[in-house]
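>>> coordinates for the following, if possible.
(one chain, ligands or ions: 1)
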Amino acid sequence: MSLMLGYLEDYAKNRRGSHNYHTILVMGYAVAGKPEFALQLFGRMRYQGIDLDVFAYHVLLNALVEGNYYDGVEAVSNQIKSRGFESEVTHSILIKSFCRKKEFDRAETYLRRVMEGEVKIKGGGYIVGALVDGLCKDEQFDRAGKLVDEFGEFHVYDIWIRELVRARKLDGAMEFLHKTRNVVQYVPDLFRYNTLIIRLLRENRLEEVCDLIIEMRESNIPPDELTMNTVLCFFCKGGMVDIALRLYDSRGQIGLSLSSMAFNYLMNTLCGDGSVVDAYRILKNALEQGYFPGVPTFSVLAHALCKLEKLDMMNELFHVALENNVVLSDRIHEIYIQALCRTGRVEDGYYIHGELNRLNKVTTGCAYNSLINGFIKSNRADIAVRLLIEMQEKGHTPSRQLFRTVIQSVCETENPEKQFQRLLEMQLSLHEIDCGVFNIFIEGAGLAKKPDLANEVYQMMKRSGISPNVTSDILLLRSYLRGEKVSDGLHFFHNILERRAIGRKVFNTLIIGLCKANKPDIALSYFTNIRAKEKTVRPSLECYEELIYVLCNHKRYDKILDVIDDLIDVGRPLSSFIGNNLLLHSLKDRELYDTWVDSRPPTELTQPESSHIWRLREVVGLFSDRFRDDISIDDLEQVVRNCFPLDIYTYNMLLRKLCAKQVDDADKLFDTLCPKGYEPNQWTYETMVHGFYKHGRKDHAKLLLKEMVQRGFRPSEVTSALL
Ligand SMILES: *[C@@H]1O[C@H](CO)[C@@H](O)[C@H](O)[C@H]1NC(C)=O
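As a prediction, the model looks like this:
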């Protein structure tokens, strides 16, 4: 303004007499916000007999209205009228003037006079529009609405919608749109649509936005990029991904390109929503059109594809990334390789690993792990070995477990010696020699049931000047026993005894190994001898458990009581495992109880009646059907609980006992399992199904069988064949 005023001052001083001198000054001061000064100039020029043209008159009139110089308005409008310059522009300026003075009645009277005059006014919409605008700004929407209805015209509609949206009367605006669209086929312009859409979005009225967009398309008014992107983001945010997707798909028809923000937003939402196939389609589509999304978008999609195991798509994605020099993160590659291995496509995983190598990227330790395990599963120990060595060269430290698994798999191949040697030599060249490396090899060979190989490593260790420690001894001993070389194992045990005092671990290894090798007598004789001599060696609970287990299986019932005595002597608990074994054998075989009574007649029992042995005898007797035929559930549970803690296997045994003669009780007990916090297993169900069947209650049996299947168990063939 100040620049303009400066210019006008200069013009007034220096350009006097130039063409249109007065007109330019009047208009200039009018638009520069000095209407009073413009009016003075106008008076002066009229005095000189000079007049303004139509355009300048209206500029002056409008400026006077804007500046609230209503006297001037009156005077100038009379001048306009008397010169015959009056037009729709004059009328709408005057209406605006009335509105500013809040003379709405006068404005309306004026309007009606003009509109209902004999000559139909051209551009009447602008005149009505001025009044509608004035009324709305004065919050008189009802009155304005009536005028809109009465004098409706597109320009009036535009103003009406603009004002409704401004005043947040969205319902009114939407309703009006529907009404006029059907009746007079009024279509708002893009600007009006956009303001309406953005308002609707702010109020989360997403469905209506969607309708509007469709409507715009039908009316051939393409939404612009700004609106579309806003809408798309809002739809995603509102969880209406399907609509967002539809919108995205139709953007070609609309002729739009998306901003990267909207694109990423859509991709993220789709991936989070599980709609990765759509996300992938969109990405491909974008790439075809030459748009390349950023690495984060790639990662989000890759992650989702791997998680849902859409690996063919992931494969394409990987290559697209490669071609475009996008470097995906190590983590993404790791997830990809893991997914491939998990789904049995270890060769493909290996290929990806190769590609990474080519790019000088180091495959992560976890990915190596997956690959190695994958190749072991598909019997390619040779590749597993290569990878195990390679990963160490690349600076990873394989876990002991991975190592052992590789060695085991090598040992399980047909001619393991060469591979085994190679791996061992490789390891010894990579690491400082200590017995740890050798131990892993002994252990792996043992797991593969190759005791000779294990022994070779053991000898090699000694030849290398490293003395085997206790762990080495234990591992080799275990290898022998697991590899069914019992006599070699015993020989080696004596060899150990020559070198060191017998310790708890070696003792446990020997006994447990012998039990697992199914040698109850040898196990028991070593157990008894060593226990007699070495009072300080306290066997582990597992040792007792394995011993009792194998003795039961071989019906050495007479020996069991001594072992249990010893267990209680050393202060170990009678575990559920031991108890369950005894129950099982009592159920199957009456001999257990008979042998116990024969070998230890009650008169000879030195322990008090409250002792473990007495209580155990009672339970064994009960399960051998020696006592009462029927027993209450509570009593049964209590008798057992007196001896050892109950687990689900114990309950299976109780159910089996009850199913023999008291199937209703069994049913009752079964119903209490879940409330007590026990999870019925396969055997629980089978016991009950057989129990019901045996007592002719086939319907019950069928029902339970159904439940069993629903819970994800597979009935055994015998059970299935029953029904
Ligand atoms: C035997 O040596 C290995 C390697 O040094 C070590 O990890 C292990 O703990 C040792 N065993 C015992 C019982 O000390």
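>>> now the helices for the stretch 201-350 of the chain?
Assigned by DSSP state H, counting those that start in this stretch, the stretch 201-350 of the chain shows helices spanning 206-218, 225-237, 241-249, 251-254, 260-272, 276-288, 295-307, 311-323, 330-342, 346-358.
>>> mean neighbour count added to those, as TSV?
From N, CA and C alone the C-beta is placed, and that goes for glycine too. Output for the helices of the stretch 201-350 of the chain, formatted as TSV (neighbours: other C-beta atoms under 10 Å):
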stretch	mean neighbour count
helix 206-218	17
helix 225-237	21
helix 241-249	20
helix 251-254	14
helix 260-272	20
helix 276-288	18
helix 295-307	20
helix 311-323	17
helix 330-342	21
helix 346-358	17
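>>> figure out which of those is closest to the ligand.
The ligand lies closest to helix 330-342 among those, at 29.1 Å (C-beta to the nearest ligand atom).
>>> show me what that closest one is packed up against.
helix 295-307, helix 311-323, helix 346-358, helix 365-377 (3 or more C-beta pairs under 8 Å, 6 or more residues apart in numbering; DSSP states H and E).
>>> which residues sit against it?
298-299, 302-303, 306-307, 309, 311, 314, 318, 346, 348-349, 352-353, 356, 361-364, 366-367, 370-371, 373-374 (C-beta atoms under 8 Å, 6 or more residues apart in numbering).
>>> got it, and stretch 415-423?
381-382, 385, 388-389, 406-407, 410-411, 413, 441, 445, 448, 450, 453.
>>> just stretch 82-99 next, same as before
Contacts for stretch 82-99 (C-beta under 8 Å, 6+ apart): 51, 54, 57-58, 61-62, 65, 70, 73, 77, 80-81, 104, 106-107, 110-111, 114, 121-124, 126-127, 129-131, 133-135, 137-138.
>>> against residue 559, how distant is the residue in the stretch 551-700 of the chain that the ligand sits nearest to?
Nearest to the ligand, among the residues of the stretch 551-700 of the chain, is residue 570, at 22.7 Å (C-beta to the nearest ligand atom). With distances taken as C-beta to C-beta, to the nearest Å, residue 570 is found 17 Å from residue 559.
>>> of these two, give the one with the bigger neighbour count.
residue 559 (21 against 13; other C-beta atoms under 10 Å).
>>> which pLDDT does the model give the more buried one?
What the model reports as pLDDT for residue 559 is 90.
>>> ramachandran coordinates for the residue of the stretch 551-700 of the chain closest to the ligand?
Torsion angles at residue 570 (phi, psi; degrees, to the nearest 10) stand at phi -80, psi 0.
>>> that one touches residue 537, doesn't it?
No - Residue 570 lies out of contact with residue 537 (C-beta atoms under 8 Å); the separation is 9.7 Å.
>>> any chance of TSV for the helices and strands packed on helix 330-342, columns distance to residue 634 and mean pLDDT?
Shown next, in TSV, are these (distance: least, C-beta to C-beta, whole Å; pLDDT from 0 to 100):
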stretch	distance to residue 634	mean pLDDT
helix 295-307	50	86
helix 311-323	57	89
helix 346-358	56	93
helix 365-377	50	95
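>>> now those in CSV, with distance to residue 462?
CSV is the format used below for the helices and strands packed on helix 330-342 (distance: least, C-beta to C-beta, whole Å):
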stretch, distance to residue 462
helix 295-307, 48
helix 311-323, 49
helix 346-358, 38
helix 365-377, 30
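>>> can I get the CA coordinates of stretch 109-129 in CSV?
Coordinates of each C-alpha in stretch 109-129 appear next as CSV, following Å, rounded to 0.1, in the frame of the first residue of the first chain:
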residue,chain,number,x,y,z
THR,A,109,-36.6,-5.4,-1.1
TYR,A,110,-34.0,-4.0,-3.4
LEU,A,111,-33.1,-7.5,-4.6
ARG,A,112,-36.8,-8.4,-5.4
ARG,A,113,-37.3,-5.2,-7.2
VAL,A,114,-34.4,-5.8,-9.4
MET,A,115,-35.0,-9.5,-9.9
GLU,A,116,-38.7,-9.1,-10.6
GLY,A,117,-38.3,-6.1,-12.8
GLU,A,118,-39.5,-6.2,-16.4
VAL,A,119,-36.2,-6.7,-17.9
LYS,A,120,-34.7,-10.1,-16.9
ILE,A,121,-31.4,-9.2,-15.4
LYS,A,122,-28.3,-10.9,-16.7
GLY,A,123,-26.0,-12.3,-14.0
GLY,A,124,-28.7,-12.2,-11.4
GLY,A,125,-26.7,-14.9,-9.5
TYR,A,126,-24.1,-12.4,-8.5
ILE,A,127,-26.8,-10.1,-7.0
VAL,A,128,-28.4,-13.0,-5.1
GLY,A,129,-25.0,-14.3,-4.2
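>>> what comes into contact with it?
88-89, 91-92, 94-95, 98, 131, 147-148, 151, 153-156, 158-159.
>>> quick revisit: could I get the helices of the stretch 201-350 of the chain as CSV with distance to the ligand?
Listed next are these as CSV, based on distance: least, C-beta to the nearest ligand atom, whole Å:
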stretch, distance to the ligand
helix 206-218, 64
helix 225-237, 55
helix 241-249, 55
helix 251-254, 64
helix 260-272, 45
helix 276-288, 46
helix 295-307, 37
helix 311-323, 40
helix 330-342, 29
helix 346-358, 31
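>>> pLDDT score assigned to the spatially most central residue of the chain?
In the chain, the residue lying closest to the centroid (C-alpha atoms, centre = their mean) is residue 272, at 7.1 Å. pLDDT recorded at residue 272 is 77.
>>> now do the one 10 residues further on
Confidence per residue is given as pLDDT, and for residue 282 that number is 81.
>>> from residue 301, how far out is it?
As judged by C-beta to C-beta, residue 282 and residue 301 stand 9 Å apart.
>>> overlap in contacts of these two?
Here residue 282 and residue 301 have residue 267 as joint contacts, going by C-beta under 8 Å, 6+ apart.
>>> element containing the closest residue to the ligand within the stretch 301-450 of the chain?
Closest to the ligand within the stretch 301-450 of the chain is residue 436: 3.3 Å, counting by C-beta to the nearest ligand atom. Following DSSP states H and E, one finds residue 436 within helix 435-447.
>>> quick one: low-confidence ranges for this protein?
Within the chain, the set of residues satisfying pLDDT under 70 comprises 118-123, 223, 251-261, 602-610, 626-629, 723.
>>> for residue 447, what are its contacts?
Applying C-beta under 8 Å, 6+ apart, the residues near residue 447 are 404, 407, 408, 411, 482.
>>> who in the stretch 451-600 of the chain is up against the ligand?
Within the stretch 451-600 of the chain, the residues that sit near the ligand (C-beta under 6 Å from any ligand atom) are 469, 470, 471.
>>> quick one: distance of stretch 686-699 to the chain centre.
44 Å (C-alpha atoms, centre = their mean, to the nearest Å).
>>> buried ones in that stretch?
By neighbour count on 16 or more other C-beta atoms under 10 Å, the buried set for stretch 686-699 is 686, 687, 688, 689, 690, 691, 692, 693, 695, 697.
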